[in-house]
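*Asks:* coordinates only, sequence not included:
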């Protein structure tokens, strides 16, 4: 008898029929003797409707009240899911995040889980129930309702799996698992049987949209093995777990293309200590995440100066331009040049550590395709290059073919 | 500085604009220095939609899960109402029933309030907030979410007013107050300035749909003075309070017509001890509320027999017929005769106690109108008659004119 945590997202519980499907899937596991904890999101569309209602009342609603409002979305789903299990004669009980013992800090709309005391979950499981827990939400020690922010329901599932010492945590979604590349762009992309936490994290930060990084980080920290799989079929998914020796046999696990970055270049930044710090502190102060940073060698001649280029989310570009304009005189660079027509192409794999020549092979492949490399950044298990957005998809296909074809 | 509890029903918070109106009204009281606790229902239509969703999943959903589901309706409204107050720069905070300290028994979908510990409400009021509390809901001592059943939000408001020792409790609704009769039927009906708890209770049980009896009973038990008034204008409403000597000057406070009753007659019930008990126990066992009961004098002749007539809710008629059919042989009556075409006309007033001839005047008035009286039942402050439904409204007008015209 295993204890399994299963998480179903908004699309999987999007209407009564889909909720009934979820119940049937849960029943399969329950009937073979497993204990099952189900974590559900709000039905798709519900959260957006609530946000719309709030905005009709106030453009920038209080975050505490947004949590009070949005928490109703998951609470609706847990009740309906419990009913769907009752309808097929399975004992089931729903619990809000608070009732499930999920305690968070008080940072409304993006609270962090501090502690899980799953006393009630255990008691209800022991009484023979499937336990349905509201994802995305918790409460503070003083009883305030909080939500966990984007990807919050995945986090609830993984954190609960850790607290319950579950045998398996399944993240049901609308794709079959984690792929070597986005199959909509690369027809030859294959589903992976397994992937390490670190590879999953690098893929997530490279534009692959399977899961939010923080859920994976949490799983890594607490050693929670989880499976990403489809709620639409019975195919086995992708197991995400601690790196194993065997994983290194594969040089590259996957290829990702991020089209949502913009490049900013500051031309002729005076080459003195503290200038870069001043620039990036100004950006950090307005909560802009900087991804890749490249500094060119100092220009020759009299007053030394360098060019500094970096990438940020396209959505932050306007804010970055304003921020940089405000410090231009102080820092003394010549101008800000922005480029939104870039793509960030990344290859990820723990096998890189033990295989040499990976970067060379990637650059050669791009050269053969006639793709110019604009910026390069590497980690131990990732190589990212910034290229022309127009050539992003063909470059991705070529790199996939070279390493994974 | 007074402490006021204001309750707004589903229509008053039916959309963002109406919620903004509620906020403006609350602000008026807040700005003159009063402390305000606001109790709100689910937005109109929301509860029905949730019930519809549940029924799509299961015809008869678990009551515990229905409470989990329906409690989201009020939770949505409290968050939006707090935002609407923020939008006009008033500090406000929302609390679920549980957070407001409302503890109930565990009878899901019709829980009774056992205790209110308004520690959090006091703390938030003292911090300068308008406190918005979700009506209709509470939690058990073990932390299960419960709902209070029909009229639950009124009950929340009155119970909170009692627990907080509020100076006034205002029940905002879509009518101007309690009327001498339904103005849609009796054009000359007048709004009452005041009415006693007992009169309000008798009117409620006579088909006047202003408030559920149990909220009024609760108010009576704890001496909570409340005002029923309109959320659509600033007219003063009707004050409901303990009977005062001055109230007896008015003979009749109001006239009510209940069109939702059915009459059942059991013909030739054997006239022996225990027969009536057996009949009404069978009905009670299937939760049918019997209102008026009339037993005719025993028929003459050999085996003595009487006719027993009683009235019940029309909605219960089919169930009553089945129940009676099942005990027919055992009890030995001849037949069951049902009549759905009846109206129950009632006059209510504490003044009846000190004025004689009230019944005679009512019966005379009906006789003049050519209305035949089918059943009669009286209490200390009420006289009800069952008459032909087709003559109900004209009879009501005539009686209103006779006593209140």
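*Replies:* Happy to help now that I have it. Since the structure is predicted, the reported quantities are computational estimates derived from the model, not experimental observations.
*Asks:* what's the distance between the residue nearest to the spatial centre of chain A and residue A:261?
*Replies:* Central residue of chain A (Cα atoms, centre = their mean): residue A:212, 1.5 Å from the mean position. Distance of residue A:212 to residue A:261, computed by Cβ to Cβ, to the nearest Å: 18 Å. Placement of C-beta: from N, CA and C, glycine included.
*Asks:* Now do the helices in chain A.
*Replies:* Residue ranges of the helices in chain A, as given by DSSP state H, are A:16-31, A:46-57, A:63-87, A:119-126, A:152-163, A:197-204, A:213-222, A:275-285, A:317-331, A:358-368, A:392-404.
*Asks:* Tell me which of the ones you listed lies nearest to residue B:43.
*Replies:* helix A:46-57 (8.9 Å; Cβ to Cβ).
*Asks:* how much space between residue A:347 and residue A:181?
*Replies:* For residue A:347, the distance to residue A:181 - Cβ to Cβ - is 10 Å.
*Asks:* The residue nearest to the centre of chain A: what's it in contact with?
*Replies:* The contact partners of residue A:212, taken as Cβ atoms under 8 Å, 6 or more residues apart in numbering or on different chains, are A:150, A:151, A:154, A:155, A:204.
*Asks:* Show me how far stretch A:60-67 is from its chain's centre.
*Replies:* Remark: stretch A:60-67 is offset 23 Å from the chain centroid, using Cα atoms, centre = their mean, to the nearest Å.
*Asks:* Could you see whether chain B lies near that stretch?
*Replies:* Yes. Using Cβ under 8 Å from any Cβ of the partner chain, we find that stretch A:60-67 touches chain B at A:61, A:62, A:64, A:65, A:66.
*Asks:* Identify each buried residue in that stretch, please.
*Replies:* Across stretch A:60-67, burial judged by 16 or more other Cβ atoms under 10 Å in any protein chain shown covers A:61, A:62, A:64, A:65, A:66, A:67.
*Asks:* Export these as CSV, with columns for pLDDT.
*Replies:* Formatted as CSV, the buried residues of stretch A:60-67 follow (pLDDT from 0 to 100):
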residue, pLDDT
A:61, 96
A:62, 96
A:64, 97
A:65, 98
A:66, 97
A:67, 98
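*Asks:* Relative to residue A:116, how far out is the spatially closest residue to residue A:119 that is not a sequence neighbour?
*Replies:* Excluding the flanking residues, the one nearest residue A:119 by Cβ to Cβ, 6 or more residues apart in numbering or on different chains is residue A:101, at 6.1 Å. Noted for residue A:101: a distance of 6 Å to residue A:116, by Cβ to Cβ.
*Asks:* swap in residue A:273?
*Replies:* Counting by Cβ to Cβ - residue A:273 and residue A:116 are separated by 46 Å.
*Asks:* more crowded one of those two?
*Replies:* residue A:116 (20 against 6; other Cβ atoms under 10 Å in any protein chain shown).
*Asks:* The more buried one: what's it in contact with?
*Replies:* So residue A:116 contacts A:100, A:101, A:102, A:103, A:159, A:160, A:162, A:163 (Cβ under 8 Å, 6+ apart).
*Asks:* so which of those residues comes closest to residue A:313?
*Replies:* residue A:159 (26.6 Å).
*Asks:* and the residue nearest to that closest one when sequence neighbours are not counted, what is it in contact with?
*Replies:* Nearest residue to residue A:159, sequence neighbours excluded (Cβ to Cβ, 6+ apart): residue A:113, at 5.1 Å. Residue A:113 makes contact with A:102, A:103, A:104, A:138, A:148, A:155, A:156, A:159, A:218 under the criterion Cβ under 8 Å, 6+ apart.
*Asks:* Could you do residue A:245 as well?
*Replies:* Applying Cβ under 8 Å, 6+ apart, no residues qualify as near residue A:245.
*Asks:* Could you tell me how far it is located from residue A:113?
*Replies:* From residue A:245 to residue A:113 the distance is 32 Å (Cβ to Cβ).
*Asks:* can you give me phi and psi for the closest residue in space to residue A:395 that isn't next to it in sequence?
*Replies:* Nearest residue to residue A:395, sequence neighbours excluded (Cβ to Cβ, 6+ apart): residue A:371, at 4.7 Å. Main-chain torsions, residue A:371, degrees, to the nearest 10: phi -100, psi 120.
*Asks:* Can you tell me which residues in the stretch 101-250 of chain A are near chain B?
*Replies:* Counting by Cβ under 8 Å from any Cβ, the stretch 101-250 of chain A sits next to chain B at A:120, A:143, A:145.
*Asks:* Is the second one in contact with residue B:99, as I believe?
*Replies:* In this case it means residue A:143. Yes. Between residue A:143 and residue B:99 there is a contact under Cβ atoms under 8 Å: 6.0 Å.
*Asks:* Give me the neighbour count for the residue in the stretch 201-350 of chain A that chain B sits nearest to.
*Replies:* Of all residues in the stretch 201-350 of chain A, residue A:231 sits closest to chain B, at 17.1 Å by Cβ to the nearest Cβ. For residue A:231, the neighbour count with other Cβ under 10 Å is 21.
*Asks:* May I have the residues that are in contact with it?
*Replies:* A:8, A:9, A:11, A:12, A:21, A:22, A:25, A:172, A:173, A:174 are the contacts of residue A:231 under Cβ under 8 Å, 6+ apart.
*Asks:* what about stretch A:243-260, distance to the chain center?
*Replies:* On Cα atoms, centre = their mean, the centre of stretch A:243-260 falls 16 Å from that of its chain.
*Asks:* and that stretch, average pLDDT?
*Replies:* The pLDDT scores in stretch A:243-260 average 91.
*Asks:* for it, which positions count as buried?
*Replies:* Buried residues in stretch A:243-260 (16+ other Cβ under 10 Å): A:243, A:247, A:248, A:250, A:251, A:252, A:253, A:254, A:255, A:256, A:257, A:258.
*Asks:* wait, isn't the second one in contact with residue A:352?
*Replies:* When you say that, I think you mean residue A:247. No. The pair residue A:247 / residue A:352 is not scored as a contact, 11.3 Å apart, by Cβ under 8 Å.
*Asks:* Just the closest of the contacts of residue A:212 to chain B, please.
*Replies:* residue A:150 (19.7 Å).
*Asks:* how about the closest one, what does it touch?
*Replies:* residue A:212.
*Asks:* what bridges to residue A:139?
*Replies:* Beta-bridge partners for residue A:139, by DSSP bridges, are residue A:103, residue A:145.
*Asks:* Is it correct that residue A:30 is in contact with residue A:88?
*Replies:* No. The pair residue A:30 and residue A:88 fails to qualify as a contact (Cβ under 8 Å) at a distance of 9.9 Å.
*Asks:* who has more neighbours, those two?
*Replies:* residue A:30 (22 against 14).
*Asks:* so where is the stretch 251-400 of chain A shaky, pLDDT-wise?
*Replies:* A:298-303 (pLDDT under 70).
*Asks:* How about residues contacting stretch A:389-396?
*Replies:* A:181, A:185-186, A:255, A:257, A:259, A:340-343, A:345, A:366, A:369-371, A:387.
*Asks:* Please spell out which residues along that stretch are buried.
*Replies:* Going by 16+ other Cβ under 10 Å, stretch A:389-396 has these buried residues: A:389, A:391, A:392, A:393, A:395, A:396.
*Asks:* With distance to residue A:128 added, can I get these in JSON lines?
*Replies:* Converted to JSON lines, the buried residues of stretch A:389-396 look like this (distance: Cβ to Cβ, whole Å):
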{"residue": "A:389", "distance to residue A:128": "55"}
{"residue": "A:391", "distance to residue A:128": "58"}
{"residue": "A:392", "distance to residue A:128": "53"}
{"residue": "A:393", "distance to residue A:128": "52"}
{"residue": "A:395", "distance to residue A:128": "55"}
{"residue": "A:396", "distance to residue A:128": "50"}
